[in-house]
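Q: pasting the sequence and the predicted model now:
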Amino acid sequence: MARIEEEDKEARRNNIILYRVLESKAETAAERSEEDKKFCEKLMTGLEIGAVPEDIKKVFRLGRRDQDRPRPTLVELTNRHIKNLVMESLFKLRSMQAKFQGIGVAHDMTKKNGRNVKNWFWKQKLNRRKNGYIWSGVHQVK
């Protein structure tokens, strides 16, 4: 079981997930997929990390299509270096065009890894509360 978990983590190592990226209104899945890929290319260009379109292996939406909410977009990159550059440059999203400002970017984690991170976060939050800190969003106030 541990070997399968490690293989899954390794397969996800170069991936990022984009949240709140508006979905295309194109008729065919191929056209929608192409527009998603172009969006990712523009995002990489805007982050000014020196990435080229060939650094993006695959782009696809996760889950079923819903008219009310955009599905998360999984972006598979060619190597870990590009992914790290993307993650280190996310602060630039605030100064980019409006279509990029509302998106969220996260690591692609296994379910087990995601639960571990979530549990760690809540333990930290509870410990801080016990020690006299009050959380306000992501900032803490003594």
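A: Okay, I see it.
Q: which stretches in this protein count as helices?
A: Along the chain, counting by DSSP state H, helices occupy 2-12, 29-47, 80-88, 98-101, 111-130.
Q: pull the CA atoms of the shortest one into PDB?
A: Right, the one you point to is helix 98-101. Presented in PDB, the C-alpha positions along helix 98-101 are these (Å, rounded to 0.1, in the frame of the first residue of the first chain):
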ATOM      1  CA  ALA A  98      -8.400  40.800 -13.600                       C
ATOM      2  CA  LYS A  99      -9.100  37.300 -15.100                       C
ATOM      3  CA  PHE A 100      -6.000  36.000 -13.200                       C
ATOM      4  CA  GLN A 101      -6.600  37.800  -9.900                       C
END
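Q: run through the neighbouring helices and strands of it.
A: Contacts defined by 3 or more CB pairs under 8 Å, 6 or more residues apart in numbering; DSSP states H and E place helix 98-101 against helix 29-47. Where you see a C-beta, it was placed from the backbone N, CA and C, and this is true even at glycine.
Q: just how off-centre is the helix it packs on within its chain?
A: A distance of 14 Å separates the centroid of the chain from that of helix 29-47, by CA atoms, centre = their mean, to the nearest Å.
Q: closest one to residue 58 among the helices of the chain?
A: Residue 58 sits nearest to helix 29-47 of all the helices of the chain, at 8.6 Å, using CB to CB.
Q: got the angle for that closest one vs helix 80-88?
A: Angle, helix 29-47 to helix 80-88, by axes from the mean of the first three to the mean of the last three CA atoms, to 10 degrees: 70 degrees.
Q: show me this protein divided up by domain.
A: 2-108, 110-142 (automatic domain parsing).
Q: most tightly packed of those?
A: domain 2-108 (a mean of 14; mean count of other CB atoms under 10 Å).
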